[in-house]
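Participant: I would like the atomic coordinates for the input below:
(2 chains)
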Amino acid sequence: GAVVSQHPSWVICKSGTSVKIECRSLDFQATTMFWYRQFPKQSLMLMATSNEGSKATYEQGVEKDKFLINHASLTLSTLTVTSAHPEDSSFYICSARETGQGIEQYFGPGTRLTVT
Amino acid sequence: DAKTTQPTSMDCAEGRAANLPCNHSTISGNEYVYWYRQIHSQGPQYIIHGLKNNETNEMASLIITEDRKSSTLILPHATLRDTAVYYCIVKWRSGTASKLTFGTGTRLQVTL
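Facilitator: So this is what the prediction gives:
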């Protein structure tokens, strides 16, 4: 149980284009999902907290207009990197917390984004 | 949330117990100790958590000192697949805006 998937697992895009990453909770409902970013040899950095049916809460220093988050259902959150640039190349990881089941988070496998 | 301090790296021979320490001297009474690990290029994996008492599950044991200022994660029989970065995180368990703050963790290398 408690499986979180991400799609795609890796993506290469050209500078200036937008990329959408999906995060799904496969066997549970998740009112809250989280998006992290991880640069090589660094730790995970929380980007934003996504709540179903409401606006995401972004961490300080994260541009909300560049990283668009949509959490339209209890099993799906999406992160769109708009006008991507090479410095946005990173490992993006989502996590989900099962509704009403404490605060343990279950992580997805991550999406590696490379912007050329 | 309380900060944690972990060694940067550790080595362990396969089959031996891996003991990963974590200091959290500023932990408050209602904060839990969580352990996650991240195998290279994968998402973090939940291992175990505890408040005061020692905890054990199929993956590991968590030993928390009586004053709760430090803890140790024990992998009883480490295998090569346990090579990963291990993160010790201290945080409140209640509340809707629960955020995990990852530090630098301990890079555990299990060797033959």
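
Participant: does stretch A:71-79 reach chain B?
Facilitator: No - residues of stretch A:71-79 are not located near chain B by CB under 8 Å from any CB of the partner chain, the shortest gap being 14.1 Å. Any C-beta I mention is one placed from the backbone N, CA and C, and that applies to glycine too.

Participant: and that stretch, which residues are buried?
Facilitator: Buried positions in stretch A:71-79, judged by neighbour count with 16 or more other CB atoms under 10 Å in any protein chain shown: A:71, A:74-79.

Participant: from these, which land in strands?
Facilitator: Applying DSSP state E to the buried residues of stretch A:71-79, the entries found in strands are A:71, A:76-79.

Participant: now the two most distant members of those.
Facilitator: The distance between the two most remote of these (CB to CB) is 11.2 Å, for A:76 and A:79.

Participant: are there residues contacting both of these two? Which ones?
Facilitator: With contacts taken as CB atoms under 8 Å, 6 or more residues apart in numbering or on different chains, residue A:76 and residue A:79 have residue A:23 as neighbours in common.

Participant: just the element for residue A:24, please.
Facilitator: Following DSSP states H and E, one finds residue A:24 within strand A:19-25.

Participant: show me what that strand pairs with in its sheet, parallel or antiparallel.
Facilitator: Strand A:19-25 pairs in its sheet with strand A:4-7 (antiparallel), strand A:76-81 (antiparallel), by DSSP bridges.

Participant: can you list those strands in TSV and add mean pLDDT?
Facilitator: Shown next, in TSV, are the strands paired with strand A:19-25 (pLDDT from 0 to 100):
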stretch	mean pLDDT
strand A:4-7	96
strand A:76-81	96
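
Participant: between the ones you listed, which gets nearest to residue B:57?
Facilitator: Closest approach to residue B:57 among those (CB to CB): strand A:4-7, 19.6 Å.

Participant: now that closest one: buried residues?
Facilitator: Those would be A:4, A:6, for strand A:4-7 by 16+ other CB under 10 Å.

Participant: and for the helix or strand immediately after it in the chain, what's in contact with it?
Facilitator: Downstream of strand A:4-7, the first helix or strand assigned by DSSP H and E is strand A:10-13. With CB under 8 Å, 6+ apart as the test, strand A:10-13 has contacts from A:19, A:21, A:84, A:111-116.

Participant: show the average pLDDT along stretch A:45-59.
Facilitator: Stretch A:45-59 shows a mean pLDDT of 91.

Participant: so which strand or helix has the residue most central in space within chain A?
Facilitator: With distances taken as CA atoms, centre = their mean, chain A has residue A:35 as the residue nearest its mean C-alpha position (3.6 Å). Element membership for residue A:35, per DSSP H and E: strand A:30-38.

Participant: which residues of the chain score low on pLDDT?
Facilitator: Picked chain A for this. A:1, A:101-103 (pLDDT under 70).

Participant: try chain B instead
Facilitator: Within chain B, the stretches falling below the threshold (pLDDT under 70) are B:1-2, B:93-98.

Participant: tell me the centre residue of it?
Facilitator: Nearest to the mean C-alpha position of chain B, by CA atoms, centre = their mean, lies residue B:35 at 3.3 Å.

Participant: say whether chain B is contacted by the strand holding residue A:35.
Facilitator: Yes - judged by CB under 8 Å from any CB, strand A:30-38 and chain B are in contact via A:32, A:34, A:36.

Participant: reformat the strands paired with strand A:19-25 as a markdown table; add distance to residue B:92.
Facilitator: Listed next are the strands paired with strand A:19-25 as a markdown table, based on distance: least, CB to CB, whole Å:
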| stretch | distance to residue B:92 |
| --- | --- |
| strand A:4-7 | 22 |
| strand A:76-81 | 23 |
